[in-house]
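# Sequence plus the predicted model coming up.
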Amino acid sequence: MTKGKRKRRTGDGSSRAGPTGVTSAKPGASGKPAGGAPSSSSAPRTGPAGSPAGSGAARGTALPRRTTGKGSANGPRQRTVLPEPAPTPPRFLVSLARGATVAGSSLALLVLAFVMLLLLWLTYSVSGVVRVASPGVMAQLEALAPLHSLLDVQFYIVANRVFTSLVSLALVVLLLFLRTTLTTLSIALIVERFAEPRPWREELRAAFARALATFRTVLAIEAMFLMLVFLVPTVLGAILGQLGAILALIAGMFFLVYAPVVAVTEGLGLAASVRTAIRAARLPGPWHLLFVFGYLSLAIFLITASSTSAAAATATPSLLVWAYAMFTTFLHLGVLAAFVYRWLAVRTGVFALMSTPKVKSTKERRLPMLRP
């Protein structure tokens, strides 16, 4: 072997370890640590799942993420903003327990329910259209929407056969104002009850101020329920029969049961309240659907099981019928308070989800590039 080859071999093997395991190069001469560990430039770069950065698997399985801004290849590293997690509503039994506690502990709420029950019965009976105060009708007077809207539509259809259209419309408008007063004041009292304890005078003043500020929005929501109950079951009933009417009730309550709650609690308008209510109803999990379906099933059972014939009933409700009506009214108030409690538990998360822009997938981002 020539002398030049021996010199070149000596230069190539200067970083090899000798027999004792110590490298022959000086520390820092070749850019490696003294222990012989490879430098960061020689280590393979890995992707999100530990695969090499240049592999196709890592590029194909990486989820799209939203970043705070645009950056260049040599710029600073961007901060990744993950989407907000969906809020979880309280459990079914917890919501019912809190709702029943609030409904039973608020004297103002119970007095309001009894007074409005009396006014609604007078509106139905004084008109001369509803002459039979059956327990089923009394149990449905203060049910949640759209159950009470269904009763009002039936009242309008019967009244239109006796009175002129103008008189029938005036009676329905009176019912709408009574419904709106009951719904707005009930939700306002429940919201103030869930807040920090205050003297009852301040609590009543705050509830009346909240109800007065949101009265018009709740009135529009009640009118919307009335129109939906009047139109949608008619269309679906013609296609699916009685099943279509039941599905319309379930769908209307599923998507819009939070609408008056959002309007009174947050002070939003009609469109914003409906949009927020639909987003709250679409939270992951089956509990909202089970809650709505369970309430409708129980309410329909209590209404139909207590129905009596016209010959067996009297024009004026007896004490037993009034007691039954107050019992069902308490159930309706407890369920309404449960929905208010569930909304207060998820309101922050729902608004965060609505304010977060949707992250487009890779396919959606490439669609504009395919256009000519």
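Right, received. Where do you want to start?

# List the residues that contact residue 230.
With contacts defined as C-beta atoms under 8 Å, 6 or more residues apart in numbering, residue 230 is in contact with residue 153. In this view, the C-beta of every residue, glycine as well, is placed from N, C-alpha and C.

# Can you check the pLDDT for it?
What the model reports as pLDDT for residue 230 is 84.

# what stretches of the stretch 151-300 of the chain score poorly on pLDDT?
Residue ranges of the stretch 151-300 of the chain with pLDDT under 70: 237-238.

# In stretch 272-280, which residues are buried?
Buried residues in stretch 272-280, counted by 16 or more other C-beta atoms under 10 Å: 273-274, 276-277, 279-280.

# Now, those that are in helices?
Counting by DSSP state H, those place 273-274, 276-277, 279-280 in helices.

# Take those residues and write them to TSV, including distance to residue 101.
Rendered in TSV, the data for these read as follows (distance: C-beta to C-beta, whole Å):
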residue	distance to residue 101
273	26
274	29
276	26
277	24
279	28
280	22
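
# closest to residue 160 among those residues?
Each of these was scored against residue 160 by C-beta to C-beta, and residue 274 proved nearest at 28.4 Å.

# How about the contacts made by the closest one?
For residue 274, the set of contacting residues under the criterion of C-beta under 8 Å, 6+ apart consists of 221, 224, 256, 259.

# Then residue 181?
With contact set as C-beta under 8 Å, 6+ apart, residue 181 has these partners: 116, 211, 215.

# Then residue 283 would be within a helix, right?
No. With DSSP: H, G, I helix; E, B strand; the rest coil as the criterion, residue 283 is coil rather than part of a helix.

# And the longest helix along the chain, what's buried?
Longest among the helix segments of the chain by residue count, using DSSP H, is helix 319-355. Neighbour counts over helix 319-355 (16+ other C-beta under 10 Å) mark 321-322, 324-326, 328-347, 349-351, 353 as buried.

# Tell me the helices and strands packed up against it.
Packing contacts for helix 319-355, counted by 3 or more C-beta pairs under 8 Å, 6 or more residues apart in numbering; DSSP states H and E, involve helix 92-105, helix 107-126, helix 135-140, helix 165-194, helix 259-266, helix 270-281, helix 287-305.

# Format those helices as TSV; extra columns: distance to residue 228.
Supplementary listing: the helices and strands packed on helix 319-355 in TSV, determined by distance: least, C-beta to C-beta, whole Å:
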stretch	distance to residue 228
helix 92-105	25
helix 107-126	20
helix 135-140	17
helix 165-194	14
helix 259-266	11
helix 270-281	11
helix 287-305	15
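
# Please identify the most buried of these.
helix 259-266 (a mean of 25; mean count of other C-beta atoms under 10 Å).

# Name the surrounding residues that touch it.
Defining contact as C-beta under 8 Å, 6+ apart, one finds that helix 259-266 is touched by 145, 183-184, 187-188, 191, 210-211, 214, 217-218, 221-222, 268-270, 272-274, 276-277, 280, 339-340, 343-344, 347.

# give me that answer again for 7 Å
Contacts of helix 259-266 with the rest of the structure, by C-beta atoms under 7 Å, 6 or more residues apart in numbering, involve 183-184, 187-188, 191, 210, 214, 217-218, 221, 268, 273-274, 276-277, 339-340, 343.

# What's the separation between residue 219 and residue 335?
With the distance defined as C-beta to C-beta, to the nearest Å, residue 219 ends up 22 Å from residue 335.

# now do residue 273
Summarising the geometry, the distance separating residue 273 from residue 335, computed by C-beta to C-beta, is 19 Å.

# Residue 135 now?
Taken as C-beta to C-beta, the spacing of residue 135 relative to residue 335 amounts to 19 Å.

# Any idea how many residues pack against residue 231?
With neighbours defined by other C-beta atoms under 10 Å, the count for residue 231 comes to 12.

# Check which residues of the helix or strand hosting it are buried.
Secondary structure from DSSP states H and E places residue 231 in helix 215-240. Of all the residues in helix 215-240, those buried under the rule 16+ other C-beta under 10 Å are 215, 217-226, 228-229, 232-233, 236-237.

# Can I take it that residue 202 is in a strand?
No. Per three-state DSSP, residue 202 lies outside any strand segment and is helix.

# what about it, how many neighbours?
10.

# Next: the one 4 residues further on.
Around residue 206 there are 16 other residues, counting by other C-beta under 10 Å.

# got the buried residues for the strand or helix carrying it?
Taking DSSP H and E as the criterion, the element that holds residue 206 is helix 200-213. Neighbour counts over helix 200-213 (16+ other C-beta under 10 Å) mark 203-204, 206-207, 210-211 as buried.

# what's in contact with it?
For helix 200-213, the external contacting residues (C-beta under 7 Å, 6+ apart) are 108, 184-185, 188-189, 191-192, 264, 267.

# same thing but 10 Å
106-109, 112, 180-181, 183-193, 195, 197-199, 218, 264-265, 267 (C-beta atoms under 10 Å, 6 or more residues apart in numbering).

# what does stretch 289-301 give?
89, 92, 95-96, 136, 139-140, 143-144, 146-147, 246, 249-255, 257, 281, 286, 328, 331-332, 335-336, 338-339, 342.
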